[in-house]
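A.B. asks: generate a structure from the sequence data that follows.
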Amino acid sequence: MKTIKTYSFNLLGLIFLFICFKTYAKEVSGKLTYHANQEIKLFGYDGFKTVELANSSIDTIGNFCLNYKDYKGMGYLETSDKSQLTIVLNESFIKINGTHLKYPDSMKFVNSCENSIFVQYAVEHNQRLQALSGWNYLLPQYKEVELLKLQSKYVNLIQKEITRLEKQDINYLSNIPSNYYVSWFIPLRKMLDDIPISAQQHPQKISCHIKDFRNIDFKNNKLYHSGILNNLIESHYWLIENGGMSLDSMYSEMNISTDILIEKLEGNDKRLNEFSDFLFKLLEKRSLFVASEYLALKLLTNYSYSLNSDLSKRLETYRVMKIGNTAPEIVFEGKKMIMGSEIKKVLTLSDLNSTYTLVVFGSSRCISCTEEISKIKNKYIHWKIKGVETVFISLDSNENEFKNFVEDFPFLSFSDFKNWKSKSVQDYYVFTTPTLFLLDKDRKIILRPRSIEQVDTWINYKTVSKN
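C.D. replies: Below you'll find the model as predicted:
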């Protein structure tokens, strides 16, 4: 019996060690002499987020060791002084010897083929790009400039060198073993690098880049550990926006890409929510409201998608509060003030006698609100003369903070001190501050401005148009 117990104990111990080995089976170690006595961290990626994989201390002579759970993809090292080095995490043990993370040329990967390939390609690709840029500039000069056309023999030589450099790049990539993570990652990273060059110098390549993006397998787990997911989406929509298309064609192409992206993510609600949230914020940030509205309505009208509540609320503003709809009535049941004086009588939004009304949602703790409202105060009299009234709806929950904030506002300011639970905030689907709506006298939404400058431009344009 004693022997059996001992055997069972040893077996359990082996199982435990095996589990530990499987859990922490990877290591990045080495020597960084410049960073002695600093903290060092290893980061990876999960979709649009950066995740910490491990952290440790570098000893007095620069030695360090980081152990982390099973992870395959791109990552980076970061020291206390914020120096960083991008590395490929697709091998169990990676050893680095160097001086300073900011100088990749000083880094030597002792036992990592993938990182050696990655560093070599990064250096050589940059050199090729610089050379190609020079040759591509000279080629049309020797074809078109009268002084240089006499040396026509150089045209063939330049074209030959361009072809050689391009083939060299292709050959390098084709010789990377297919089981290496970099064999998948580098072409994608290269596409990203080529996009701004194509937009500026080779517009004929734009359609190819758009096609390449649409052919990406967005369900591939490699993509979520690449660290370039957000860059891929940003650069693609930037390329369409700056590709020289008409406005209608631009939005049509964006909507096609949005359709393809959503279609490829169907069945994975978690990823669909992440992508949609990122894309929606991106389109809003770049004021591409036709494209963001298309995305919102597509997601909201297809009931096979399970959207999280925060995303759904953001999108709902485009269905309920879109231009042309009638904005909900607002009953100002709470503290109402103009220039520090309290208004006692009951008021509604419809009681404001003006051709147009700018409704502003904000709070005293919102830095952007302070900046935007300062602009409103400067424009208020000018707008008032043109028939535009302003009303400020505060999300403050503290009465004194509200009073101090609005004491010199020349327009109606209101708060019921319910913060995000305020009826008007929920009725108008406000999810960030400041949020602005420009309404006509019948409360019809005529503009959803993203800045005071946009409001001012619209008001001045309408006034000129009427005159």
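
A.B. asks: per-domain residue ranges of this protein.
C.D. replies: As assigned by automatic domain parsing, the chain contains the domains 19-110, 176-320, 331-466.

A.B. asks: next structured bit after the longest helix along the chain?
C.D. replies: Looking across the chain with DSSP state H, the single longest helix is helix 113-144. Counting by DSSP states H and E, the element after helix 113-144 in chain order, helix or strand, is helix 146-149.

A.B. asks: got the buried residues for stretch 417-433?
C.D. replies: Phe417, Ser422, Ser424, Val425, Tyr428, Tyr429, Val430, Thr433 (16 or more other Cβ atoms under 10 Å). Heads up, the C-betas are built off the backbone N, CA and C, glycines and all.

A.B. asks: from those residues, which is closest to Thr326?
C.D. replies: Tyr428 (12.0 Å; Cβ to Cβ).

A.B. asks: and Glu284, backbone torsions?
C.D. replies: When read as degrees, to the nearest 10, the backbone of Glu284 gives phi -60, psi -40.

A.B. asks: that one against Val290, yeah?
C.D. replies: No: here Glu284 does not reach Val290: they are 11.6 Å apart, not a contact under Cβ atoms under 8 Å.

A.B. asks: now do the same contact list for the residue nearest the centre of the chain.
C.D. replies: The residue lying closest to the centre of the chain (Cα atoms, centre = their mean) is Asn230, at 5.3 Å. Taking Cβ atoms under 8 Å, 6 or more residues apart in numbering as the criterion, Asn230 is in contact with Phe48, Phe278.

A.B. asks: now with 10 Å, please.
C.D. replies: Tyr45, Gly47, Phe48, Lys49, Phe278, Leu279, Leu282 (Cβ atoms under 10 Å, 6 or more residues apart in numbering).

A.B. asks: check which helix or strand covers Val28.
C.D. replies: Val28 belongs to strand 26-32, assigned by DSSP H and E.

A.B. asks: out of the contacts of Asn230, which are buried?
C.D. replies: Tyr45, Gly47, Phe278, Leu279, Leu282.

A.B. asks: in helices, which of those residues appear?
C.D. replies: Judged by DSSP H, helices contain the following of the buried ones among the contacts of Asn230: Phe278, Leu279, Leu282.

A.B. asks: out of those residues, the closest to Glu91 would be?
C.D. replies: Closest to Glu91, out of all of these and judged by Cβ to Cβ, is Phe278, at 30.0 Å.

A.B. asks: the closest one contacts Ile233, doesn't it?
C.D. replies: Yes: counting by Cβ atoms under 10 Å, Ile233 is a contact partner of Phe278 at 6.6 Å.

A.B. asks: overlap in contacts of these two?
C.D. replies: Contacts common to Phe278 and Ile233, judged by Cβ under 10 Å, 6+ apart, are Phe48.

A.B. asks: now stretch 160-170: average pLDDT?
C.D. replies: Mean pLDDT, stretch 160-170: 91.

A.B. asks: between Glu284 and Val290, who's got more neighbours?
C.D. replies: Counted by other Cβ atoms under 10 Å, Glu284 and Val290 do not tie: Glu284 has more neighbours, with 19 against 15.

A.B. asks: could you pull up the residues touching that one?
C.D. replies: Ala291, Ser292, Glu293, Leu295, Ala296, Arg314, Thr317, Thr432, Arg450.

A.B. asks: ok, Ile87 next?
C.D. replies: So, once contact is read as Cβ under 10 Å, 6+ apart, Ile87 ends up touching 28, 42, 74-77, 94, 96, 107, 109, 112, 114-115, 118-119.

A.B. asks: among the helices and strands of this protein, which has the poorest mean pLDDT?
C.D. replies: helix 2-23 (a mean of 45; mean pLDDT, DSSP states H and E).

A.B. asks: show me where the stretch 101-250 of the chain has its helices.
C.D. replies: 113-144, 146-149, 153-174, 181-201, 206-214, 221-224, 229-241, 247-265 (DSSP state H, counting those that start in this stretch).
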